[in-house]
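Peer 1: this one's structure only:
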């Protein structure tokens, strides 16, 4: 886009050329025309390079779209939903529980989205155990060291009221039960309803069951339809973020949209993730050593030796910022694309971000879209800032995760629930093979490379499909770990065809 100053300069230059054409000798005409054209192109070039919009001023470039060619509209298309809609209403056989004098207390572990899915599982478990759920305590000892309480992140009153017909939820354990003996129970991961029917025997001895961990306590499959729909009601309706988080999240969405369509990129190139996965490709020796020390100092991360090269070849590493740039360009997104980076501090900082910025200069973080004072209240609270990124990601035109972690899965599932909004899931294993060939000189970036990347991802755009079961060949309880997460894809239980008798 050329500014008003650029247009004025162009008009003045054109006038001078017209006057010269009347007075100058013929042999000067070609020289003048060429010189003026070159000068104009230089002006436009400089202005375009400097015209990176400040999204904090929502009045700037209102409604400007980064795309101007109809041929590029497919990059933002929504996958065909086949008339699918959310369906979360209970079936006719779903009845209200009767007794509420038994209680479950929970400590939710992990980061924001691990806690969110765990809390929704605990809502379902409380329903199956016919118990009152005490508002969960959030993890304050994880890597993020966040001291936020439940009400700091979530709308507590809305959570309680929305689930009133499903589960009784209270803010605190009754005073008379604070000192009674409690059953401290680590529920088995990915358990079915029959498991919790056996657990119910504990009520014969105890009034309170305490659950030290909430993540993955319920099976992805092999769960009654009404329990699955309850999980969706809890996740997508009841567990709403607190008003301050919702307001700043939507404010950032509005500012981004005022400049056109945008991609939300969950760039999981952060210190904790690289250390956890043991991925060091593209890092300096000092950076790799720092990650190794961090891994060795974390008890539940140092349980096994990791070969970084094997991890990358197997597709088990987050894509680097440079690889993301190559990937998005190969798909056809032009350099003018607005990209919101939903992530914490990128490891290596500007050195690695510069590699992505060379492909897509319009990169934004919440810190560059929001005013400093707007984020001040959320400072030092990683889960709250992650919630802001979550909102911007769910509402984006396209969502791209560089790694399939908890947030990536939760955002993809939410976008599927809301109408299968475009989510591009990189085939990391396939991409690494192509990247390595380009580095070895066996393949060059260009039309053929782009066609390979596009073909590789034609079925990885968030198109409607039923949830995947366990991987073939895996036996015993280990197969449950390989199932696609319920919260990554709540189809078919919570997504139905139009006209279904139990639509939400």
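Peer 2: Perfect, thanks for sending it. Predicted model only: the values in this text are computed from it and were never measured.
Peer 1: going forward, measure contacts and count neighbours with C-alpha atoms only.
Peer 2: OK.
Peer 1: so residue 148 sits against residue 378, correct?
Peer 2: No - the criterion here is Cα atoms under 8 Å, and residue 148 misses it with residue 378 at 9.9 Å.
Peer 1: overlap in contacts, these two.
Peer 2: Residues touching both residue 148 and residue 378 (Cα atoms under 8 Å, 6 or more residues apart in numbering): residue 384.
Peer 1: ok, how many other residues are close to residue 74?
Peer 2: For residue 74, the neighbour count with other Cα atoms under 10 Å is 10.
Peer 1: now do the SS call for it.
Peer 2: When classified by DSSP: H, G, I helix; E, B strand; the rest coil, residue 74 comes out as helix.
Peer 1: and it, what is it in contact with?
Peer 2: The contact partners of residue 74, by Cα under 8 Å, 6+ apart, come to none.
Peer 1: please determine how far it is located from residue 452.
Peer 2: Separation of residue 74 from residue 452 (Cα to Cα, to the nearest Å) stands at 17 Å.
Peer 1: and what of residue 101?
Peer 2: 60 Å.
Peer 1: got the domain ranges for the chain?
Peer 2: Following automatic domain parsing, one gets these domains for the chain: 103-238, 243-497.
Peer 1: now do the buried residues in stretch 209-222.
Peer 2: Across stretch 209-222, burial judged by 16 or more other Cα atoms under 10 Å covers 209-221.
Peer 1: what does stretch 153-161 give?
Peer 2: Applying 16+ other Cα under 10 Å to stretch 153-161 flags 153-156, 158-160 as buried.
Peer 1: could the residues you listed go into JSON lines alongside pLDDT, secondary structure and distance to residue 86?
Peer 2: Compiled in JSON lines, those are given as follows (pLDDT from 0 to 100; DSSP: H, G, I helix; E, B strand; the rest coil; distance: Cα to Cα, whole Å):
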{"residue": "153", "pLDDT": "97", "secondary structure": "helix", "distance to residue 86": "25"}
{"residue": "154", "pLDDT": "98", "secondary structure": "strand", "distance to residue 86": "22"}
{"residue": "155", "pLDDT": "98", "secondary structure": "coil", "distance to residue 86": "22"}
{"residue": "156", "pLDDT": "98", "secondary structure": "helix", "distance to residue 86": "24"}
{"residue": "158", "pLDDT": "98", "secondary structure": "helix", "distance to residue 86": "20"}
{"residue": "159", "pLDDT": "98", "secondary structure": "helix", "distance to residue 86": "19"}
{"residue": "160", "pLDDT": "98", "secondary structure": "helix", "distance to residue 86": "22"}
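Peer 1: between these, which is nearest residue 401?
Peer 2: residue 153 (22.9 Å; Cα to Cα).
Peer 1: surely residue 453 touches residue 330?
Peer 2: Yes - between residue 453 and residue 330 there is a contact under Cα under 8 Å: 6.5 Å.
Peer 1: and residue 342, what is it in contact with?
Peer 2: By Cα under 8 Å, 6+ apart, the contact list for residue 342 reads 264-267, 365-366, 386, 389-390, 392-393.
Peer 1: buried subset of those?
Peer 2: Counted by 16+ other Cα under 10 Å, those give 264-267, 365-366, 386, 389-390, 392-393 as buried.
Peer 1: need these in JSON lines with secondary structure, pLDDT and distance to residue 338, can you?
Peer 2: Formatted as JSON lines, those follow (DSSP: H, G, I helix; E, B strand; the rest coil; pLDDT from 0 to 100; distance: Cα to Cα, whole Å):
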{"residue": "264", "secondary structure": "strand", "pLDDT": "98", "distance to residue 338": "9"}
{"residue": "265", "secondary structure": "strand", "pLDDT": "98", "distance to residue 338": "10"}
{"residue": "266", "secondary structure": "strand", "pLDDT": "97", "distance to residue 338": "14"}
{"residue": "267", "secondary structure": "coil", "pLDDT": "96", "distance to residue 338": "14"}
{"residue": "365", "secondary structure": "coil", "pLDDT": "96", "distance to residue 338": "11"}
{"residue": "366", "secondary structure": "helix", "pLDDT": "96", "distance to residue 338": "13"}
{"residue": "386", "secondary structure": "helix", "pLDDT": "96", "distance to residue 338": "20"}
{"residue": "389", "secondary structure": "helix", "pLDDT": "98", "distance to residue 338": "15"}
{"residue": "390", "secondary structure": "helix", "pLDDT": "98", "distance to residue 338": "17"}
{"residue": "392", "secondary structure": "helix", "pLDDT": "98", "distance to residue 338": "13"}
{"residue": "393", "secondary structure": "helix", "pLDDT": "98", "distance to residue 338": "13"}
